[in-house]
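Q: fold the following and give me the result.
(chains A and B)
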Amino acid sequence: MVLLVDSTVDSVTDTVFRGMFAARKSVFIDLLKWDLPVLDGRYEVDQFDDAHARYLILTNADHAHLASARLLPTTRPHILDTLFPALCERAVPRGPRVWEISRFCLGRQLRAAERRQVRNQLVSAIAAHALQAEIEIYTGVAEIAWLEQILSFGWQCRPLGEPLPNQGAILGALEITITPNTPADLTAGGVWFPIVPTNCRRAAPPTAEAPR
Amino acid sequence: MPRLRIAEVFVEHARSAPTREALYESLLQCCTDMGVRYFALTHHIDFGREAGPAVRLHNYPPSWEEWFDEHGLGRSDPIHRACNLASVGFAWSAVPNMIKLTPDDRCVLERAYRLGIGEGFTIPASVPGEALGSCSFAVDAGRPFPEEFQFVCQLIGGFAFEAARRISGSRAILTEHPPILTDRQRDCVLWAARGKTDWEISVILGVSHETVIQHLKHARERYGVQKRALLAVRALFDGLISFSDILKR
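A: Numbering: from 1, shown residues only, chains lettered A, B, ... in the order given. I've put the predicted structure just below:
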């Protein structure tokens, strides 16, 4: 299932939420070696994981995390304007209908064939959410190899600036325009695999537990 | 023209380029704008021997393509081989540090130089599950490559391959033939790829020796291959198993 998570606390999604932050630690810190803060030795949570963030989280029937992505409003501080403004040649795209995708995370336990399917489901959920929530543009920062995969999905992308070297990788910023045609574009790209999201109230980011 | 503008103009054209000819013209325009002479957008297959919806667009001298195909270099060209080790673009001058060059490789590189193809920069196009490809840019022999364009080349390469995919329908092959093994067959293929014998696999999976033989036989039949090694390669290519699956301890 795919969950759209926003605003306020709820205990049902607590498991899902913790699962996502733990998976993010496993992928971005343990595997990709990104220099990010760790909470309680288990969770990757940063300053953008606040009440304004939305999350799309794919889980299995037991609520175990499969994949997730974070959506940040560009009307507030986000990755591109706060950390990588140099990746934009012109002004950083902003507006109520412009959201930034970050922390696109595929669980490490997924096997190759499942990975592809889960990735497609998450990409489809991101596009479907935009159509439903009247988001017109997604922005995002990606390493160049991943950026190339994003292009290959078939949706409409545009570079925002020249890619730049950053900590041994090359990063680029993209803008993805979502239109009623996007599902057809993603179908042509072999990626469209929509599942209906369940709206959820959001659990608070995990906090460090007091030592016992 | 500002560097990014070159990529933006290309992206605009490539998005709607209806044919290979239109994409060719757009790439040629990029070369002119960047002050490089040659481009080559190609899948890494042996064009002399294999048919299919693969893409190859370039403005290298015609005699180069002829010689390239005569020698079946689509798969073994040293620049193409170096792509297997790169996730980002690389200068040709870095290739000797990436792969071990054989005497034949040196002959290929010298031949290219004699035909006037000088320093180059290649962007590998390696989307999992698709045939490998690359987009290269090169200057005339004896001239320096304009290094300030490497990042723009990187963008152009990515978008060019995306346009090629769309025009050639080469990703359709992928979606029309999804992975076709059962979970159990896949498990057997994975253990075979890890170097286990049929008997060893039967012990690991807790099934009979005969069952494993049957699973692998059916898996080979589904892929239409005769050999165990080729079965593993096909399953890898399709993303049914991954390198990390095989190599993890």
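Q: quick one, domains of chain B?
A: Domain assignment for chain B by automatic domain parsing gives B:3-174, B:178-247.
Q: can I get those domains in JSON lines including mean pLDDT?
A: Formatted as JSON lines, these follow (pLDDT from 0 to 100):
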{"stretch": "domain B:3-174", "mean pLDDT": "88"}
{"stretch": "domain B:178-247", "mean pLDDT": "87"}
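Q: reformat those into JSON lines and put mean neighbour count and distance to A:Arg115 next to each item.
A: Just so you know, the C-beta spots here come from the backbone N, C-alpha and C atoms, and that holds for glycine as well. JSON lines is the format used below for these (neighbours: other Cβ atoms under 10 Å in any protein chain shown; distance: least, Cβ to Cβ, whole Å):
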{"stretch": "domain B:3-174", "mean neighbour count": "18", "distance to A:Arg115": "9"}
{"stretch": "domain B:178-247", "mean neighbour count": "17", "distance to A:Arg115": "7"}
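Q: what about stretch B:46-65 and chain A, touching?
A: No - figure legend: stretch B:46-65 not in contact with chain A (Cβ under 8 Å from any Cβ of the partner chain); closest approach 13.6 Å.
Q: same question, stretch B:78-94
A: Yes - on the criterion Cβ under 8 Å from any Cβ, stretch B:78-94 is in touch with chain A at B:Ser87, B:Val88, B:Gly89.
Q: with just CA atoms, put that stretch into PDB.
A: Included here for stretch B:78-94 are C-alpha records, laid out as PDB according to Å, rounded to 0.1, in the frame of the first residue of the first chain:
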ATOM      1  CA  PRO B  78      37.900   0.300 -25.100                       C
ATOM      2  CA  ILE B  79      35.900   3.400 -24.500                       C
ATOM      3  CA  HIS B  80      32.700   1.300 -24.400                       C
ATOM      4  CA  ARG B  81      34.300  -1.100 -22.000                       C
ATOM      5  CA  ALA B  82      35.400   1.700 -19.700                       C
ATOM      6  CA  CYS B  83      31.700   2.700 -19.500                       C
ATOM      7  CA  ASN B  84      31.000  -0.500 -17.500                       C
ATOM      8  CA  LEU B  85      33.200   1.000 -14.800                       C
ATOM      9  CA  ALA B  86      31.900   4.500 -14.800                       C
ATOM     10  CA  SER B  87      28.700   6.000 -13.500                       C
ATOM     11  CA  VAL B  88      29.600   9.500 -14.500                       C
ATOM     12  CA  GLY B  89      31.300  11.000 -17.600                       C
ATOM     13  CA  PHE B  90      35.000  10.400 -18.200                       C
ATOM     14  CA  ALA B  91      37.700  11.900 -20.400                       C
ATOM     15  CA  TRP B  92      39.300   9.400 -22.800                       C
ATOM     16  CA  SER B  93      42.700  10.300 -21.400                       C
ATOM     17  CA  ALA B  94      41.500   8.600 -18.100                       C
END
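Q: Provide a list of residues in contact with B:Arg81.
A: By Cβ atoms under 8 Å, 6 or more residues apart in numbering or on different chains, the contact set of B:Arg81 is B:Ile99.
Q: residues from chain B in reach of chain A?
A: B:2-4, B:7-8, B:11, B:15, B:87-89, B:125-130, B:151-152, B:154-155, B:158-159, B:161-162, B:165-166, B:171-172, B:174-175, B:179, B:186, B:238-242, B:245.
Q: strands - which of the residues you listed land there?
A: Residues of those located in strands (DSSP state E): B:Ala125.
Q: the residue nearest the centre of chain A in helix, strand or coil?
A: Among the residues of chain A, A:Ala69 comes closest to the average C-alpha position under Cα atoms, centre = their mean, at 2.4 Å. Following DSSP: H, G, I helix; E, B strand; the rest coil, we place A:Ala69 in the strand state.
Q: quick one, phi psi at the nearest residue to A:Asp35 once chain neighbours are set aside?
A: What sits nearest to A:Asp35 in space, not counting adjacent residues and going by Cβ to Cβ, 6 or more residues apart in numbering or on different chains, is A:Gln167, at 7.4 Å. Main-chain dihedrals, A:Gln167, degrees, to the nearest 10: phi 50, psi 50.
Q: next one: A:Gln167 from chain B, what distance?
A: Separation of A:Gln167 from chain B (Cβ to the nearest Cβ, to the nearest Å) stands at 13 Å.
Q: which residues of chain A score low on pLDDT?
A: For chain A, the stretches with pLDDT under 70 are A:1, A:6-12, A:196-212.
Q: list the residues that contact the residue of chain B positioned farthest from its centre.
A: Within chain B, B:Ser208 marks the point farthest from the mean C-alpha position, 39.3 Å out by Cα atoms, centre = their mean. For B:Ser208, the residues meeting the contact criterion (Cβ under 8 Å, 6+ apart) are B:Ser202.
Q: for chain B, what are the nearby residues on chain A?
A: A:89, A:111-113, A:115-116, A:144-145, A:147-149, A:151-152, A:154, A:156-159, A:161-164, A:169-170, A:172, A:188-190.
Q: not counting its neighbours along the chain, what's nearest A:Leu83?
A: Per Cβ to Cβ, 6+ apart, closest to A:Leu83 is A:Val141, 7.8 Å.
Q: which parts of the chain are helices?
A: Just going to use chain A. Taking DSSP state H as the test, the helices found in chain A are A:12-24, A:79-82, A:112-133, A:144-152, A:182-188.
Q: right idea, wrong chain: chain B
A: Going by DSSP H, chain B shows helices at B:3-16, B:20-34, B:62-70, B:73-76, B:78-83, B:95-98, B:103-114, B:150-168, B:170-176, B:183-193, B:198-205, B:209-223, B:228-237, B:243-247.
Q: dump the residues of stretch B:78-94 next to chain A into CSV; add distance to B:Asp104 as well.
A: Below are the residues of stretch B:78-94 next to chain A laid out as CSV (distance: Cβ to Cβ, whole Å):
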residue, distance to B:Asp104
B:Ser87, 26
B:Val88, 27
B:Gly89, 25
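Q: now, which of these sits nearest B:Phe68?
A: Using Cβ to Cβ, B:Gly89 comes nearest to B:Phe68 of these, at 21.1 Å.
Q: that'll do, ta.
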